[in-house]
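*Asks:* Have a look; sequence and predicted model below, questions after that.
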Amino acid sequence: MQTKRKKLQFARCAMSFERNTKSFLLNKKAASVVVSTLILTAGVLAMGIAILYWASSWGSIATRTYSTAEGNSAKAIQERIGFEYIDYRSNVLTVNVINWGTSANLTIANVYIYNNAHQYIGNYSRPTLRSISTNSLITAGLAAGGEGYFQITPSPVLASGSFYYLRIVTGRGRTFDGTFATL
Amino acid sequence: MARSLHCRSIFRNCKGYSALMATIIMVLVVMFLFYNVYMSMMSRDTDLQNIISRSQQLDADRNAEILTILNPATTGGGGFPIVVTCTLVNSGSVPIQVVRLWLKDLNSASNLPAVTISLANQNVVLQPGASASRSFQVSMPGAFSSDTFALTLVSSRGNSLTRRING
């Protein structure tokens, strides 16, 4: 008797489960909401990835610009000029220099002359650099460890027996000061 | 009853989900971008610090150079090359390489220009505390060994040292 009751209960449960499952699977209500959510999510993800790549390109441009600027600053920091011999005769000032830094292609953008009271005498832009040994033109700038000289004609003529300051401004913006005296 | 109905309606209401998801994704994109640029800038700053440190070391080495010229003398001249002899002493704490020699005849009568020779090939290198006697041949037409000269030696670090050689 009890077994019969249990069997009946089990049959009822099975029928009710089957009915519920069928009705759930066959019920088309809210399917459109699921589909629309999926479509929206896919669209948002696609847009997000596109925006990610666009923003990354801007980021790489910013990174590249920053790296270039910092690279130029690094090369400028490593520039060093030493004054080997400065000679003034017949109103021609010959300045022999050595690039003892670690930056190659050191160019001279400007040369300034001041008197012993630090008063401005004159400036001379882009003097021609030549090799001390071979006298050939140096176009690409002084290599690291390289030596060269340039000549300028000061105007007005420098006074004899006087002390002067010389300032060299390199192409990368560094300045180096030297001194010389006229006979 | 009214509150639970209200809460249920909040959870079941699907309006605004897409905007929420888009905002979250946008924030993630911006954070990712910021992180990349920030880390790149940090690494470049570290490189710059290293370069600054190395360039300061260059200056320190230059300041540590101490070169002394002892017993300078000249022979030759009168149509022959001037031979300059001297003893070089490195009293500093860094090795010194002398790369160039300048010789100027100080006799006002001759008014000869300064002449120079490159010593890069002659390997004039002095270890800290070392001394060496060297002689250098310089072609200076019109000069005599009895003249008074100014001898200038230039090191590879841009230091120059001048000594007078009395005739």
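*Replies:* On my side now, so go ahead.
*Asks:* contacts, neighbours, all on C-alpha from now
*Replies:* Fine.
*Asks:* mind listing the helices for the chain?
*Replies:* Using chain A. Secondary structure of chain A, counting by DSSP state H: helices at A:2-26, A:31-77.
*Asks:* meant chain B actually
*Replies:* Secondary structure of chain B (DSSP H): helices located at B:2-12, B:17-63.
*Asks:* among the helices of chain A, which is nearest B:P141?
*Replies:* Using CA to CA as the measure, helix A:31-77 is the one of the helices of chain A that comes nearest B:P141, at 41.5 Å.
*Asks:* Return the most buried member of the helices of chain B.
*Replies:* Highest mean neighbour count among the helices of chain B (mean count of other CA atoms under 10 Å in any protein chain shown): helix B:17-63, with a mean of 15.
*Asks:* how far does that one sit from the chain's center?
*Replies:* Between the centre of helix B:17-63 and the centre of its host chain there is 27 Å, according to CA atoms, centre = their mean, to the nearest Å.
*Asks:* Out of the helices of chain B, which gets the lowest mean score?
*Replies:* Mean pLDDT is lowest for helix B:2-12 out of the helices of chain B, coming in at a mean of 63.
*Asks:* and the residue in chain B that chain A sits nearest to, how many residues sit next to it?
*Replies:* Ranked by CA to the nearest CA, the top residue of chain B for proximity to chain A is B:G158, at 4.4 Å. Neighbours of B:G158 under the rule other CA atoms under 10 Å in any protein chain shown: 22.
*Asks:* For it, give me its contacts.
*Replies:* By CA atoms under 8 Å, 6 or more residues apart in numbering or on different chains, the contact list for B:G158 reads A:81-84, A:98-100, B:62.
*Asks:* One more: B:N111?
*Replies:* By CA under 8 Å, 6+ apart, the contact list for B:N111 reads B:D105.
*Asks:* do the same with B:S146
*Replies:* B:74-75, B:166-167.
*Asks:* Touching, B:L88 and B:N71? I think so.
*Replies:* No: between B:L88 and B:N71 there is no contact under CA atoms under 8 Å: 9.0 Å.
*Asks:* more neighbours, the two?
*Replies:* Higher neighbour count among B:L88 and B:N71: B:L88, with 21 against 11, using other CA under 10 Å.
*Asks:* Relative to B:L106, how far out is the more buried one?
*Replies:* B:L88 sits 22 Å away from B:L106, taking CA to CA, to the nearest Å as the criterion.
*Asks:* what do you get for A:T41?
*Replies:* 90 Å.
*Asks:* Of those two, give the one with the bigger neighbour count.
*Replies:* For A:T41 versus B:L106, the count of surrounding residues by other CA under 10 Å is larger for B:L106: 19 against 16.
*Asks:* Relative to B:G78, how far out is that one?
*Replies:* B:L106 is 16 Å from B:G78, by CA to CA.
*Asks:* And for A:L93?
*Replies:* As for A:L93, its distance to B:G78 is 29 Å (criterion: CA to CA).
*Asks:* Around chain A, pick out the residues from chain B.
*Replies:* Counting by CA under 8 Å from any CA of the partner chain, chain B comes close to chain A at B:18, B:21-22, B:25-26, B:29-30, B:33, B:36-37, B:40-41, B:44, B:48, B:51-52, B:55, B:58, B:102, B:117-118, B:154, B:156-160.
*Asks:* Quick check: the residue of chain B closest to chain A vs B:D147, distance?
*Replies:* Going from B:G158 to B:D147 by CA to CA gives 28 Å.
*Asks:* Likewise for B:V37?
*Replies:* The value you get for B:V37 to B:D147, if CA to CA is used, is 67 Å.
*Asks:* quick one on the thing from earlier: will you turn the contacts of B:S146 into a markdown table that also has pLDDT, neighbour count and distance to B:Q97?
*Replies:* Output for the contacts of B:S146, formatted as a markdown table (pLDDT from 0 to 100; neighbours: other CA atoms under 10 Å in any protein chain shown; distance: CA to CA, whole Å):
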| residue | pLDDT | neighbour count | distance to B:Q97 |
| --- | --- | --- | --- |
| B:T74 | 93 | 22 | 22 |
| B:T75 | 91 | 16 | 24 |
| B:N166 | 86 | 14 | 25 |
| B:G167 | 73 | 13 | 27 |
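*Asks:* just checking, which of those residues belong to strands?
*Replies:* With DSSP state E as the criterion, strands contain B:74-75 from among those.
*Asks:* Looking at the contacts of B:S146, point me to the pair that's furthest apart.
*Replies:* Longest span within the contacts of B:S146, CA to CA: B:T75 and B:N166, 11.6 Å.
*Asks:* contacting residues around B:R62?
*Replies:* By CA under 8 Å, 6+ apart, the neighbours of B:R62 are B:157-159.
*Asks:* Can you list the neighbours in contact with stretch A:115-133?
*Replies:* By CA under 8 Å, 6+ apart, stretch A:115-133 touches A:96, A:108-114, A:136-139, A:141, A:147-152, A:154-156, A:162-165, B:117-118.
*Asks:* Can you say which of these are buried?
*Replies:* For the contacts of stretch A:115-133, burial is judged from neighbour counts taken by 16 or more other CA atoms under 10 Å in any protein chain shown, and it is met by A:96, A:108-114, A:138, A:141, A:147-152, A:154, A:163-165, B:117.
*Asks:* For burial, what's the neighbour tally of A:S160?
*Replies:* Other residues close to A:S160 by other CA under 10 Å number 11.
*Asks:* What residues are bridge-paired with the residue of chain A found nearest chain B?
*Replies:* Relative to chain B, the nearest point of chain A is A:G82 (4.4 Å; CA to the nearest CA). When assigned by DSSP bridges, A:G82 has beta-bridge partners A:I98.
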